[in-house]
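Peer 1: fold the following and give me the result.
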Amino acid sequence: MADGDPPTGQVTDGDAPADAAATAADATAESASAGAVIVPVEPSSTLRSTVAHVAEAAAADGASAIHFVEIASWRNGDPESDERAAAAERVLERVTSWATADLDDSEAEAASEVDVVSAVLGADDYLFGADDYVRVLAEYAEANGADRVVLDPEYTPVGNTTLLQPLEFALSNTPLSVETAPVDRPTRRERFRTEATTGRFVALFGLSLAFYLLLGDPTYWFDLVTGVATAAVVSITLSRVSLDSNPAIPRTPMRIVRGVIYVPVLLFEIVKANLVVARVILDPRLPIDPTLNRMRVIVGSGLPLMTLANSITLTPGTLTVRARDSDLYVHSLLPWAREGLFDGSLERWTRFVYYGRRSARLPTPRERDDVAILQGDEATEELPIAAADGGAVEATEASGEAESPADATDADGVIDR
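Peer 2: Model (predicted):
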């Protein structure tokens with residue numbers, strides 16, 4: 001081979017490497033600009049910083065669009081769903097205006113090409129947990145050509161329950177790339193404390209004073225003085241943790257009035273259940289049929305859900321074992337108690353107390369097919385035993401012979417949850 005000849009396989013055109021590099025750069029830029037970014041939003045202390053980071057990154061990377069989405073923690077038709085949807089729209093309007101302003105102020109050449117879109121996802125169905133949230137996000141991403149999700153580090157779409165880490169883990173099983181916005185977080189987090197307001201202070205003061213005087217003598221000056229002092233101490237220390245929303249007129253007074261109406265109804269249900277359970281106990285045959293049941297309820301979260309769960313527990317023959325999202329797991333002693341539970345009388349009364357007569361007319365759990373029997377011959381669903389609770393469910397042996405502890409570990413019938 002002559003000295004002037006290039007080695008076999010070597011590029012002879014001096015401009016080819018530069019052209020190849022330029023081609024690769026163009027391909028990378030085209031790939032970056034082809035994708036959009038999705039940002040799930042909820043009001044938080046770091047939301048504004050997250051929006052600013054996303055806008056800056058999208059302009060620098062040449063993203064085609066920024067999609068701000070709020071994943072609904074309600075279902076259309078639920079009590080107060082219209083109000084919650086309107087609140088979500090207000091949040092989306094705010095973050096959209098922030099992002100638009102940040103893109104207008106950006107010096108990146110591609111900033112003007114980035115579209116800002118907003119949407120509410122999942123309002124037509126109940127969403128429970130990170131898997132459901134990710135499913136909705138993945139469907140939306142596929143429909144809108146998005147390939148990346150950016151999470152607010154304080155993102156908590158289900159109230160005080162932290163969902164960020166499970167959401168990141170579930171997203172890792174999808175084609176979407178996920179990152180948490182690198183923004184400063186507050187040095188002190190106050191998850192269980194709400195903003196102190198005059199309305200909450202006055203409401204708690206009035207309730208505490210009324211309860212104190214109900215136990216004492218409202219005509220005795222000493223009880224009046226100590227009642228005011230006690231109510232003041234309670235209001236100062238607990239007004240930021242006892243109420244999850246500001247009292248409002250006429251909503252709060254109407255709830256109190258409807259609650260007073262509900263008290264004799266609940267007492268009647270308790271007396272009726274006592275008589276039925278007493279009759280069964282006195283029956284020599286003892287015709288009981290204890291089962292664990294699941295009932296998905298439409299009462300909202302927080303205080304309404306707590307009211308319903310405690311009302312069920314106060315009624316003999318039923319015991320609320322667990323409340324998870326909108327599912328109540330209730331143990332029933334008698335078929336009569338189970339049927340009454342599925343008929344949804346207490347659920348309807350709870351909706352009446354908190355949302356009025358119109359919400360009380362919603363279908364019952366049985367009519368919605370939101371019920372299941374988890375134990376016994378009539379079981380309609382398998383008993384859920386989560387691995388986090390330390391359990392697994394073993395199938396019966398095919399041969400009818402008991403397995404040894406060592407063999408049971410490798411049984412095909414073990415269901416890992």
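
Peer 1: next, the buried residues of the helix or strand where residue 131 lies.
Peer 2: Assessed by DSSP states H and E, residue 131 sits inside helix 129-144. Going by neighbour count (16 or more other Cβ atoms under 10 Å), the buried part of helix 129-144 is 130, 132-134, 136-138, 140-141. Where C-beta positions appear, they are placed from N, C-alpha and C, glycine not excepted.

Peer 1: ok, now stretch 199-213?
Peer 2: For stretch 199-213, burial by neighbour count (16+ other Cβ under 10 Å) applies to 200-201, 203-205, 207-209, 212-213.

Peer 1: could you find the lowest-pLDDT member of those?
Peer 2: Confidence by pLDDT is poorest for residue 200 among those, given 81.

Peer 1: ok, that residue - contacts?
Peer 2: Counting by Cβ atoms under 8 Å, 6 or more residues apart in numbering, residue 200 makes contact with 194, 239-240, 242-243, 246-247.

Peer 1: export the helix or strand encompassing it as PDB, just CAs?
Peer 2: Assessed by DSSP H and E, residue 200 sits inside helix 198-215. Output of helix 198-215 as PDB, limited to C-alpha atoms (Å, rounded to 0.1, in the frame of the first residue of the first chain):
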ATOM      1  CA  THR A 198     -60.800  34.000  62.000                       C
ATOM      2  CA  GLY A 199     -63.600  31.800  60.800                       C
ATOM      3  CA  ARG A 200     -62.100  28.600  62.000                       C
ATOM      4  CA  PHE A 201     -61.200  30.200  65.400                       C
ATOM      5  CA  VAL A 202     -64.700  31.500  65.900                       C
ATOM      6  CA  ALA A 203     -66.300  28.200  64.800                       C
ATOM      7  CA  LEU A 204     -64.200  26.100  67.100                       C
ATOM      8  CA  PHE A 205     -64.600  28.600  70.000                       C
ATOM      9  CA  GLY A 206     -68.400  28.400  69.600                       C
ATOM     10  CA  LEU A 207     -68.500  24.600  69.500                       C
ATOM     11  CA  SER A 208     -66.200  24.200  72.500                       C
ATOM     12  CA  LEU A 209     -68.100  26.800  74.600                       C
ATOM     13  CA  ALA A 210     -71.500  25.200  73.700                       C
ATOM     14  CA  PHE A 211     -70.200  21.700  74.600                       C
ATOM     15  CA  TYR A 212     -68.700  23.000  77.900                       C
ATOM     16  CA  LEU A 213     -72.000  24.700  78.900                       C
ATOM     17  CA  LEU A 214     -74.000  21.700  77.900                       C
ATOM     18  CA  LEU A 215     -72.100  19.600  80.500                       C
END
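
Peer 1: and the next helix or strand past that helix?
Peer 2: Per DSSP H and E, the first helix or strand lying C-terminal to helix 198-215 is helix 221-238.

Peer 1: packing partners for that following helix?
Peer 2: The helices and strands touching helix 221-238, judged by 3 or more Cβ pairs under 8 Å, 6 or more residues apart in numbering; DSSP states H and E, are helix 198-215.

Peer 1: residue 50 versus the closest residue to residue 350 other than its chain neighbours, what's the distance?
Peer 2: Leaving out its chain neighbours, the residue that sits closest to residue 350 by Cβ to Cβ, 6 or more residues apart in numbering is residue 308, at 4.4 Å. For residue 308, the distance to residue 50 (Cβ to Cβ, to the nearest Å) stands at 35 Å.

Peer 1: quick one: distance of the top helix by length along the chain to the chain centre.
Peer 2: Taking DSSP state H as the criterion, the chain has its longest helix at helix 251-282. Distance, stretch centre to chain centre, for helix 251-282: 29 Å (Cα atoms, centre = their mean, to the nearest Å).

Peer 1: and what of stretch 312-331?
Peer 2: 19 Å.

Peer 1: what kind of secondary structure is residue 330 in?
Peer 2: Secondary structure, DSSP: H, G, I helix; E, B strand; the rest coil: residue 330 is strand.

Peer 1: does it touch residue 323 like I think?
Peer 2: No. Using Cβ atoms under 8 Å, residue 330 is not in contact with residue 323, being 9.6 Å away.

Peer 1: the two: which is more packed in?
Peer 2: Applying other Cβ atoms under 10 Å to residue 330 and residue 323 shows that residue 330 carries more neighbours, namely 25 against 16.

Peer 1: identify the bridge partners of that one.
Peer 2: residue 293, residue 320 (DSSP bridges).

Peer 1: so for it, what's the pLDDT?
Peer 2: Turning to residue 330, the model gives it a pLDDT of 94.

Peer 1: and for the one 3 residues further on?
Peer 2: The pLDDT attached to residue 333 in the predicted structure is 91.

Peer 1: got it, and residue 318?
Peer 2: What the model reports as pLDDT for residue 318 is 94.

Peer 1: next, it: phi, psi?
Peer 2: phi -140, psi 150 (degrees, to the nearest 10).

Peer 1: ok, now the one 5 residues further on?
Peer 2: Here the main-chain torsion angles of residue 323 (degrees, to the nearest 10) amount to phi -120, psi 120.

Peer 1: so how far is residue 205 from the residue nearest to it when sequence neighbours are not counted?
Peer 2: Spatial nearest neighbour of residue 323, chain neighbours left out: residue 309 (5.2 Å); criterion: Cβ to Cβ, 6+ apart. As for residue 309, its distance to residue 205 is 28 Å (criterion: Cβ to Cβ).

Peer 1: same deal with residue 216?
Peer 2: 16 Å.

Peer 1: ditto for residue 135
Peer 2: Taken as Cβ to Cβ, the span from residue 135 to residue 205 is 46 Å.

Peer 1: perfect, that will be all.
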